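Visitor: Test case, fold it:
(one chain, ligands or ions: 1)
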Amino acid sequence: MLPYNQHSEALKRRFGQKIFKVTLDAGFNCPNRDGNRAWGGCTFCDASGSSAQIAPPTMPLAAQLTTGIAKWQDRFGSKAQKFIAYYQAFTNTYAPLERLREVYQVALDHPDVVGLAIGTRPDAVPDSVLDLLAEIAQQKYLWVEYGLQSAHNSTLDYINRAHTVEEYSDAVQRTQARGLDICGHLIHGLPGETPQMMLQSVQKLVDLGVTGIKIHSLHILKGSVMAQQYRRGEIPMFSQQDYVTWVCDSLELLPWEVEIHRLTGDGLKHLLIAPEWSQDKRKVLEAIQREMQYRGTRQGAKARQAVPKTSGPGSF
Ligand code: SF4
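Guide: Below you'll find the predicted structure:
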């Protein structure tokens, strides 16, 4: 048994079978790229808008969904029956309500899609959008993914995140008020951050009561601003052992109820410049598990707060 509460297992408990995620690119932009909030985007973001999906965004959404489902079925045969539509690329609430309704309807209409995951920014969720998401959550399971990356405004400034920790907290609270689950994202290894700062970011998400978390190491990706900074020697790199230590310390702080969506980056090998070791996702995960075993610890061993604020596994 894993020493942490893996999201894929929680989904299996919720739906009684393995659930597969299909990542989608609905053709949205990002307010941090188009000048609405800022220009150029987060300095770690590549041209694909932090999407691991390599499907062409010009493909109609319904076709992206059926193609993604077919790929899982080719690989897993009859085991691949139920799916989550993951609206991942760029900012998936950044459009007029009617357009959003159309985009989410594609997932609602597919009989084998059991849920939706909506990746977005805290400054792109006015109450009207959250009301729409709450309405959709009455029909299919839905969670919202908000990148925080760091709970330190100085770091958010440095990486041109163009929102503050306070805005993040406000978006989370308004989302929770509608009973929606939330997955928070953090990046460990951002320039200028100490291990203590990373753990403070983890604790911030715990204090906010998110129901899930994704952690990955800083990736220097081709096409990002950080790639230029890295080449100029401005971004210090860290070892796999450093990252494993940070992740295990983070897991100990996270209450067991918080679902672990991810502890490594995914699908970016073709863009990755550094750190090289992060290409081997399995090796990183095995090192995390070994370190947890060596410590004789598990997720939540040092948690201060026990229960996320919205629903847990099986509550939909
Ligand atoms: S908010 Fe997301 S899509 Fe927008 S620039 Fe940052 S990482 Fe990229």
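Visitor: buried stuff in stretch 126-142?
Guide: Val129, Leu130, Leu132, Leu133, Ile136, Ala137, Lys140, Tyr141, Leu142 (16 or more other Cβ atoms under 10 Å). Every residue, glycine included, has its C-beta placed from N, CA and C.
Visitor: contact partners of that stretch?
Guide: 14, 93, 97, 100-101, 104, 107-108, 113-118, 144, 174-175, 178-181, 316 (Cβ atoms under 8 Å, 6 or more residues apart in numbering).
Visitor: quick one: the closest residue to the ligand within the stretch 51-200 of the chain from Gln64, how far?
Guide: The ligand sits closest to Phe90 of the stretch 51-200 of the chain, with a gap of 4.5 Å, by Cβ to the nearest ligand atom. Per Cβ to Cβ, to the nearest Å, Phe90 is found 14 Å from Gln64.
Visitor: Tell me which of the two has more neighbours.
Guide: Ranked by neighbour count (other Cβ atoms under 10 Å), Phe90 and Gln64 place Phe90 first, with 27 against 22.
Visitor: Now do the more buried one, the pLDDT please.
Guide: Per-residue confidence at Phe90 stands at 95 (pLDDT).
Visitor: I'd guessed it sits against Phe28; true?
Guide: Yes. Counting by Cβ atoms under 8 Å, Phe28 is a contact partner of Phe90 at 4.5 Å.
Visitor: does the residue of the stretch 51-200 of the chain closest to the ligand count as helix, strand or coil?
Guide: Under the three-state scheme (DSSP: H, G, I helix; E, B strand; the rest coil), Phe90 adopts coil.
Visitor: What are the phi and psi values at it?
Guide: Phe90 adopts backbone torsions of phi 60, psi -140, taken as degrees, to the nearest 10.
Visitor: swap in Gly233?
Guide: phi 80, psi 20.
Visitor: cool, Ser201 as well?
Guide: Torsion angles, degrees, to the nearest 10, at Ser201: phi -70, psi -40.
Visitor: wait, doesn't Val258 sit right on Lys214?
Guide: No. Contact criterion Cβ under 8 Å: Val258 and Lys214 do not qualify, at 11.0 Å.
Visitor: what about the two, which has more around it?
Guide: Taking other Cβ under 10 Å, Val258 and Lys214 do not tie; Val258 has more neighbours (29 against 21).
Visitor: on that earlier part again, are any of the contacts of stretch 126-142 buried, and which?
Guide: 14, 93, 100, 104, 107, 113-118, 144, 174-175, 180-181.
Visitor: so what's the closest residue to Ala107 other than its chain neighbours bridging to?
Guide: Nearest residue to Ala107 in three dimensions, chain neighbours excluded: Ala85, at 3.6 Å (Cβ to Cβ, 6 or more residues apart in numbering). Taking DSSP bridges as the rule, Ala85 bridges to Val22, Leu116.
Visitor: can you start the count at 40 instead of 1 from here on
Guide: New numbering, starting at 40: the last item is Ala124.
Visitor: confidence score at Ala124?
Guide: So, for Ala124, pLDDT stands at 98.
Visitor: Next, count neighbours for it.
Guide: Residues lying near Ala124 (other Cβ under 10 Å) number 29.
Visitor: OK, contacts around it?
Guide: Each residue near Ala124 by Cβ under 8 Å, 6+ apart is listed here: Val61, Leu63, Leu104, Val145, Ala146, His149, Val152, Gly154, Leu155, Ala156.
Visitor: Export those to TSV and append columns for distance to the ligand and pLDDT.
Guide: Below are the contacts of Ala124 laid out as TSV (distance: Cβ to the nearest ligand atom, whole Å; pLDDT from 0 to 100):
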residue	distance to the ligand	pLDDT
Val61	19	98
Leu63	14	97
Leu104	21	98
Val145	20	98
Ala146	20	98
His149	25	98
Val152	23	98
Gly154	21	98
Leu155	18	98
Ala156	15	98
